[in-house]
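Asker: pasting the structure only:
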């Protein structure tokens with residue numbers, strides 16, 4: 001049998017009406033409806049005398065007073081709608097916007113921390129490549145040999161080695177040097193010799209002073225440093 005689309009809406013309404021009627025006939029729905037009806041009737045009995053009194057008072061007013069009362073009712077209605085509907089609704093929107101902004105700020109901070117973490121990882125890997133084994137390592141001997149090759153060993157007035165623990169199970173080795181009476185070529189040779197050592201050694205501090213009695217001669221204070229890995 002062909003489906004009559006003109007009769008379909010009416011059939012759907014009848015089916016929905018039958019379902020609603022059946023639902024309304026259930027005990028729990030009837031009980032809820034009876035309770036609402038009884039409460040409404042009780043409330044109506046309470047406010048009916050006040051409504052009758054107000055209606056009688058309003059009927060005795062002049063036309064101008066009635067107009068003012070209507071305007072007052074409109075104003076009160078607007079105030080109620082504004083305070084109890086509009087403002088809460090807008091507050092909900094503002095609160096949601098604040099939460100979204102806070103989440104965006106947190107996401108930005110997390111991304112910044114992730115970039116910092118990745119940078120630190122790269123720096124740590126580079127640092128580990130520039131470390132030496134702490135066992136049997138002597139920065140003092142290495143620097144002394146480098147100065148001997150640079151032919152300035154006789155210019156040493158002071159050489160003081162030291163080492164101390166560094167965070168991350170590392171050991172920091174330092175050698176404080178004082179050289180006297182070097183010319184510019186010898187200073188360059190010393191720095192080049194340290195920078196081209198087979199193990200990673202850096203010059204962490206360098207101070208050059210020109211001698212008053214000989215403008216072509218310099219005194220040099222420098223600190224060489226190397227980082228060792230324990231274990």
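Answerer: It's in. Computed from a predicted structure; not experimentally measured.

Asker: Phi, psi for the residue lying farthest from the centre of the chain please.
Answerer: With CA atoms, centre = their mean as the measure, the chain has its most outlying C-alpha, relative to the mean C-alpha position, at residue 60: 68.2 Å. Dihedral angles phi and psi of residue 60 (degrees, to the nearest 10) take the values phi -80, psi -10.

Asker: what's the distance between it and residue 52?
Answerer: 13 Å (CB to CB, to the nearest Å). The way it works is simple: take the backbone N, C-alpha and C, and place the C-beta from them, glycine included.

Asker: go on, residue 110?
Answerer: Note on residue 110: its distance to residue 52, by CB to CB, is 66 Å.

Asker: just residue 210 next, same as before
Answerer: Here the distance between residue 210 and residue 52 works out to 112 Å (CB to CB).

Asker: got it, and residue 107?
Answerer: With the distance defined as CB to CB, residue 107 ends up 63 Å from residue 52.

Asker: Residue 155 too?
Answerer: Computed with CB to CB, the distance linking residue 155 and residue 52 is 118 Å.

Asker: of the two, who's got more company?
Answerer: Neighbours of residue 155 and residue 52, each counted by other CB atoms under 10 Å, are more numerous for residue 155; the result is 18 against 10.

Asker: Just give the closest residue to that one, not the sequence neighbours.
Answerer: For residue 155, the nearest residue in space outside its immediate sequence neighbours is residue 179; the separation is 4.6 Å by CB to CB, 6 or more residues apart in numbering.

Asker: Whichever strand or helix holds residue 227 - which strands sit beside it in the sheet, and in what orientation?
Answerer: Under the assignment given by DSSP states H and E, the secondary-structure element containing residue 227 is strand 218-229. The partner list of strand 218-229 in its sheet, established with DSSP bridges, is strand 131-133 (parallel), strand 170-182 (antiparallel), strand 202-210 (antiparallel).

Asker: State the next helix or strand along the chain beyond the longest one.
Answerer: Beyond strand 170-182 in the direction of the C-terminus, DSSP H and E gives the next helix or strand as helix 184-195.

Asker: quick one: buried residues of the strand holding residue 227?
Answerer: For strand 218-229, a neighbour-count test (16 or more other CB atoms under 10 Å) marks 218, 219, 220, 222, 223, 224, 225, 226, 227, 228, 229 as buried.

Asker: now stretch 38-57
Answerer: Across stretch 38-57, burial judged by 16+ other CB under 10 Å covers no residue at all.

Asker: circling back to that earlier point, just to confirm, what confidence does the model report for the residue farthest from the centre of the chain?
Answerer: The predicted local confidence for residue 60 comes out at a pLDDT of 74.

Asker: What of residue 157?
Answerer: Residue-level confidence at residue 157 comes out at 90, pLDDT.

Asker: element containing it?
Answerer: Per DSSP H and E, the secondary structure element for residue 157 is strand 156-166.

Asker: hmm, who's touching that strand?
Answerer: Counting by CB atoms under 8 Å, 6 or more residues apart in numbering, the neighbours of strand 156-166 from elsewhere in the structure are 138-140, 143-144, 147, 171-180, 227-228.

Asker: The same query, at a cut-off of 7 Å, please.
Answerer: Outside strand 156-166, the residues within contact range by CB atoms under 7 Å, 6 or more residues apart in numbering are 139-140, 147, 171-180, 227.

Asker: Partner strands of it and their direction?
Answerer: Here strand 156-166 has these sheet partners by DSSP bridges: strand 170-182 (antiparallel).

Asker: Tell me how this protein divides into domains.
Answerer: Per the record's domain assignment (automatic domain parsing), the chain is made up of the domains 10-59, 133-229.

Asker: Fine by me, we can end here.
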